[in-house]
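>>> below are the sequence and a predicted model for it; my questions follow.
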Amino acid sequence: MSLRNQIVLILALVAVLYVTADVVLLRKMIAEPFRVLEEGEAKQNVARVKAGLQGVLDDLAVRTRGLAGRTDTARFIAGEDEGFVADTLPSTALADLDLNLLLFVAQDGMVRWSRAEESGSRAPVHVREFPSEQILDRHPVTLARHGGDASAGLMTTANGPLLVASQVVRDARGEPAGVVIAGRFFDGALKDALLQRMNVLAVDIWPADGDLPPEAAELRDTITAAPDPVVAAVSEDRLDVYATQDNILGQPTLLVRSAFERSISRSGGRIFDFALLSTLATALLLLLVLLRLLNRIVIGPLSHLTRHTVEIGRTEDMSARVSMERKDEIGLLSREFDGLMGKLEKSREQVIKTSRLAGMSEIATGVLHSVGNVLNSVNVSANLAKRKTEQLPVADLAAIKDVLNEHRADLGAFVTLDPRGRQFLPFLDELSRSLVSHKRDILEELRTLGGGMEHMMELVRSQQRYAGMAGVYEPTDLGAEIDSAVVICGQAYGSSGALQVRREYEDIPKVPVDRNRLMEILVNLLQNARQALDDAGTPTKEIALRVRRDGPEHVRIEVEDNGPGIPEENLTRIFAHGFTTRKDGHGFGLHISANAATEMQATLWAESAGPGQGATFILRLPLRTAEVAVAA
């Protein structure tokens with residue numbers, strides 16, 4: 001194998017190792033964090049789904065309480081107002097109240113009036129779990145009311161999941177006269193209403209011990225035993241999250257499944273693909289540049305010198321010159337070679353002349369023999385590097401190439417899982433040491449290769465790292481950025497704890513901003529609001545997040561809390577470096593945020609009605625179009 005082909009193989013191997021290592025690092029640095037972020041977001045959305053169900057139950061309880069609180073309801077249940085049905089419960093009563101089930105039950109359990117309808121057609125339907133004659137004391141609704149006047153929760157019925165609420169009816173003396181029971185089926189209409197308010201593709205509810213779809217049945221034990229929601233990747237575009245839901249008796253006997261679009265993973269995949277493409281392009285460019293440089297600096301001149309030496313040995317024409325105008329070791333070797341050939345030519349001419357004059361054929365023969373020895377020595381010196389290079393473990397390289405070709409489609413899995421693949425890196429390490437040893441021998445015999453090889457190593461070592469995107473303006477969904485900042489701060493909507501986060505986002509097109517700067521400001525403002533609420537010890541901690549237009553050319557982001565407020569004299573001082581009112585504060589966050597806002601040509605200020613009145617931080621951003629260089 002020629003020296004050129006051997007160097008090409010070595011460089012190709014280095015490029016493959018570089019790309020492989022970079023792929024492994026990219027998976028750890030990009031794919032895994034995006035997966036964790038997506039699962040965290042999905043779990044938070046499950047909490048939102050459950051909160052949405054609770055909101056429907058609360059609304060149902062309010063309607064039930066309104067019916068139970070009427071005086072004519074108590075008279076009707078007691079059998080004293082027979083006109084109640086005609087006056088209050090027309091045929092459209094359930095549709096008007098947006099209910100599917102309504103019962104008026106006397107204190108002894110006898111059903112005074114009941115009706116059940118489907119959601120869409122409003123056709124009558126029989127709900128076996130709510131008989132029209134009598135409600136027994138062991139009924140789940142009755143059991144749930146023990147110890148109180150009201151109850152609300154989920155039940156599984158033969159007609160599907162039912163959200164039900166009950167309220168005790170009291171007579172004029174305040175004594176229990178009966179109960180009003182109202183319910184809504186968790187059907188398509190209610191699902192659609194919930195999905196419109198959430199980033200959810202689908203919601204399903206099943207009894208935990210009932211028949212489940214195959215994909216849910218496989219995870220039944222895991223879901224019921226896990227303290228947190230269980231995430232299952234259905235496809236590249238869908239993520240299912242399972243969680244348990246208490247029934248009306250407070251028992252975790254229901255399963256809730258929410259389906260989410262995997263937008264975060266797709267974003268991470270695009271970033272990974274871009275980074276991988278960039279790595280491949282960089283490796284290819286380095287390989288081409290190195291081959292070009294080596295061919296020009298080392299391989300080409302060495303091949304020319306070798307051909308010239310062989311030609312002199314064949315023709316014994318010592319007048320031929322290499323004439324390489326170079327200032328490196330190869331140039332020095334060529335000049336020394338030409339000088340030696342000149343001296344040999346002169347010696348030969350002198351020997352021939354002496355031989356002719358003296359007739360000393362033996363001397364001429366000796367001189368020619370010496371010339372041949374010198375030529376052989378020079379030829380050996382010129383070809384020694386080539387022969388030592390040919391001794392490189394080419395067969396091992398060919399074996400590596402065959403293995404790579406064989407596992408081209410599953411290279412990552414082969415290297416990490418296959419028993420042979422696990423020996424791949426140790427084998428490469430041993431091969432690398434062998435190549436280094438051969439390289440050292442080649443450099444000792446032919447110093448001309450040193451500069452080129454060193455240059456190659458410097459180019460490899462000087463590979464540029466991935467640059468950040470700081471300072472680039474990108475069209476950004478402000479609401480999505482705020483939600484991301486909330487997740488980063490650990491205060492997502494519906495999470496456990498006393499903090500309530502309220503969002504009020506106007507429909508505003510994407511705004512070109514520096515996302516890194518914006519995220520820095522939002523996180524500082526959210527952390528500042530949460531710390532203020534914690535320090536104040538407010539029983540109900542609320543943070544309101546708003547996005548709204550501020551004139552034709554600006555948009556504003558507001559972060560409002562119901563904390564201790566800010567005195568008027570501190571409204572501007574809080575942005576000064578080092579100013580803080582907290583014992584463990586440093587006074588850096590708001591100062592950094594103000595500077596970041598200025599760099600984005602934005603404005604940040606605070607408003608407060610005074611101590612105890614809460615505070616609002618406002619970030620006013622320009623709706624930039626042409627004046628800002630937007631990232632493609």
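Thanks, I have it.
>>> what's the domain layout of this structure?
Using automatic domain parsing, the domain parsing of the chain gives 56-185, 268-461, 473-622.
>>> mind checking which of those domains is nearest residue 22?
Closest to residue 22 of the domains of the chain is domain 268-461 (C-beta to C-beta; 4.5 Å). Placement of C-beta: from N, CA and C, glycine included.
>>> what mean pLDDT does that closest one have?
Model confidence over domain 268-461, given as mean pLDDT, is 66.
>>> ok, now stretch 516-528?
Stretch 516-528 shows a mean pLDDT of 85.
>>> which parts of it count as buried, going by neighbours?
By 16 or more other C-beta atoms under 10 Å, the buried positions in stretch 516-528 come out as 517, 518, 519, 520, 521, 522, 523, 524, 525, 526, 527, 528.
>>> sitting in helices, which of the residues you listed do you find?
517, 518, 519, 520, 521, 522, 523, 524, 525, 526, 527, 528 (DSSP state H).
>>> so which of the residues you listed is the closest to residue 135?
Closest to residue 135, out of all of these and judged by C-beta to C-beta, is residue 526, at 48.8 Å.
>>> the closest one touches residue 485, doesn't it?
Yes - using C-beta atoms under 8 Å, residue 526 is in contact with residue 485, at 5.7 Å.
>>> just the helices in the stretch 101-250 of the chain please.
140-145, 188-196, 214-217, 220-225 (DSSP state H, counting those that start in this stretch).
>>> give me whichever of those is most buried.
Counting by mean count of other C-beta atoms under 10 Å, helix 140-145 has the highest mean neighbour count of the helices of the stretch 101-250 of the chain, with a mean of 19.
>>> mind giving me the packing neighbours of it?
Applying 3 or more C-beta pairs under 8 Å, 6 or more residues apart in numbering; DSSP states H and E, we find helix 140-145 packed against strand 150-157, strand 160-170, strand 176-185.
>>> quick one: the last one to strand 150-157, angle?
Using axes from the mean of the first three to the mean of the last three C-alpha atoms, to 10 degrees, one finds that strand 176-185 and strand 150-157 are set 40 degrees apart in direction.
>>> give me the number of residues near residue 169?
25 (other C-beta atoms under 10 Å).
>>> residues in contact with it?
By C-beta atoms under 8 Å, 6 or more residues apart in numbering, residue 169 lies in contact with 68, 73, 74, 77, 104, 176, 177, 178, 179, 180.
>>> is it bridged to anything, and to what?
Under DSSP bridges, the beta-bridge partners of residue 169 are residue 178.
>>> repeat for residue 202
residue 259.
>>> the one 5 residues further on too?
Beta bridges link residue 207 to residue 254 when assigned by DSSP bridges.
>>> hang on, the earlier thing: just put the contacts of residue 169 in TSV and tack on pLDDT and neighbour count.
Shown next, in TSV, are the contacts of residue 169 (pLDDT from 0 to 100; neighbours: other C-beta atoms under 10 Å):
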residue	pLDDT	neighbour count
68	88	24
73	87	23
74	87	22
77	87	25
104	92	23
176	88	14
177	87	22
178	89	26
179	91	25
180	92	24
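>>> relative to residue 141, which of those residues is nearest.
residue 179 (7.8 Å).
>>> quick one, what contacts that closest one?
Residues counted as contacts of residue 179 (C-beta under 8 Å, 6+ apart) are 68, 105, 107, 135, 141, 142, 145, 166, 167, 168, 169.
>>> quick one: stretch 170-183 to chain centroid distance?
54 Å (C-alpha atoms, centre = their mean, to the nearest Å).
>>> revised request: answer the last question for stretch 267-280.
12 Å.
>>> hey, C-alpha coordinates of it in CSV?
Only the C-alpha atoms of stretch 267-280 are listed here, as CSV (Å, rounded to 0.1, in the frame of the first residue of the first chain):
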residue,chain,number,x,y,z
SER,A,267,-36.9,20.6,19.1
GLY,A,268,-34.1,18.6,20.7
GLY,A,269,-33.9,16.3,17.7
ARG,A,270,-33.5,19.2,15.4
ILE,A,271,-30.7,20.6,17.5
PHE,A,272,-29.1,17.2,17.7
ASP,A,273,-29.3,16.8,13.9
PHE,A,274,-27.9,20.2,13.4
ALA,A,275,-25.0,19.6,15.8
LEU,A,276,-24.3,16.2,14.2
LEU,A,277,-24.3,17.6,10.7
SER,A,278,-22.0,20.4,11.9
THR,A,279,-19.7,17.7,13.4
LEU,A,280,-19.7,15.7,10.2
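>>> how many residues are close by residue 174?
7.
>>> look up phi and psi at it.
phi 90, psi 10 (degrees, to the nearest 10).
>>> how close does it get to residue 536?
40 Å (C-beta to C-beta, to the nearest Å).
>>> now the residue nearest to residue 506 when sequence neighbours are not counted, which residues is it bridged with?
Nearest residue to residue 506 in three dimensions, chain neighbours excluded: residue 548, at 4.7 Å (C-beta to C-beta, 6 or more residues apart in numbering). Residue 548 has the following beta-bridge partners by DSSP bridges: residue 556.
>>> give me every residue that touches residue 548.
So residue 548 contacts 504, 506, 508, 555, 556, 558 (C-beta under 8 Å, 6+ apart).
>>> which of those are buried? Put it as a ChimeraX command.
To isolate the buried members of the contacts of residue 548 in ChimeraX, using 16+ other C-beta under 10 Å:
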select :555,556,558
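>>> of the contacts of residue 548, closest to residue 215?
Once C-beta to C-beta is applied, the member of the contacts of residue 548 that ends up nearest residue 215 is residue 504, at 37.2 Å.
>>> got a pLDDT number for that closest one?
So residue 504 comes in at 92 (pLDDT).
>>> which ones are touching it?
544, 545, 546, 547, 548 are the contacts of residue 504 under C-beta under 8 Å, 6+ apart.
>>> next one: the helix or strand containing the first one to chain centre, how far?
By that I understand residue 544. Assigned by DSSP states H and E, residue 544 falls within strand 541-549. Offset of strand 541-549 from its chain centre (C-alpha atoms, centre = their mean): 26 Å.
>>> just the buried residues of stretch 5-18, please?
6, 7, 8, 9, 10, 11, 12, 13, 14, 15, 16, 18.
>>> just the element for the second one, please.
Going back to what we said before, that points to residue 7. helix 3-26.
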